[in-house]
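# Take a look and give me a structure for this.
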Amino acid sequence: MSSRPYELVVFGATGFTGKYTCEHIVSQLPTNLKWAVAGRSEGKLQSLVEELKSLNPDRVAPGSLYTFTDYHDTAAYARQKS
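Below is the predicted model of the structure:
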């Protein structure tokens with residue numbers, strides 16, 4: 001069993017492909033999936049989370065929002081274990 005806080009993190013969640021990926025998660029994957037969204041704009045991430053909640057209110061919303069400004073931030077988060 002993994003000690004990571006999320007089973008899945010969508011990096012670039014507010015981009016074209018990321019948004020479709022998030023919509024697929026909300027509509028097709030188990031509702032108890034622990035997941036998060038990541039991107040460069042916190043405002044866009046918050047808007048996306050609100051939009052996703054309206055697609056499936058029974059789904060657990062992404063647990064946290066992360067914003068990254070450079071490669072080192074993203075790589076450090078990806079290696080995080082708890």
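
# Three-state assignment for the residue nearest the centre of the chain, please.
Centroid-nearest residue in the chain, with CA atoms, centre = their mean: residue 37, separated by 1.8 Å. Of the three states, residue 37 takes strand according to DSSP: H, G, I helix; E, B strand; the rest coil.

# Identify the residue nearest it in space, chain neighbours excluded?
Distances taken as CB to CB, 6 or more residues apart in numbering place residue 13 nearest to residue 37, at 3.7 Å, with adjacent residues excluded. Just so you know, the C-beta spots here come from the backbone N, C-alpha and C atoms, and that holds for glycine as well.

# you'd agree the one you found is up against residue 22?
Yes. At 5.5 Å, residue 13 counts as touching residue 22 under the criterion of CB atoms under 8 Å.

# And these two? Which one has more around it.
residue 13 (25 against 21; other CB atoms under 10 Å).

# ok, which stretches of this protein are helices?
16-28, 42-55, 71-79 (DSSP state H).

# what's near enough to touch the residue nearest to residue 37?
Residue 13 is in contact with 19, 21, 22, 37, 38, 39, 45, 48, counting by CB atoms under 8 Å, 6 or more residues apart in numbering.

# Quick check: the gap between the third one and residue 6.
Put plainly, it is residue 22. 13 Å (CB to CB, to the nearest Å).

# cool, and the last one?
Computed as CB to CB, the residue 48 to residue 6 distance reads 16 Å.

# neighbour count winner among those two?
residue 48 (22 against 18).

# Lovely, talk soon.
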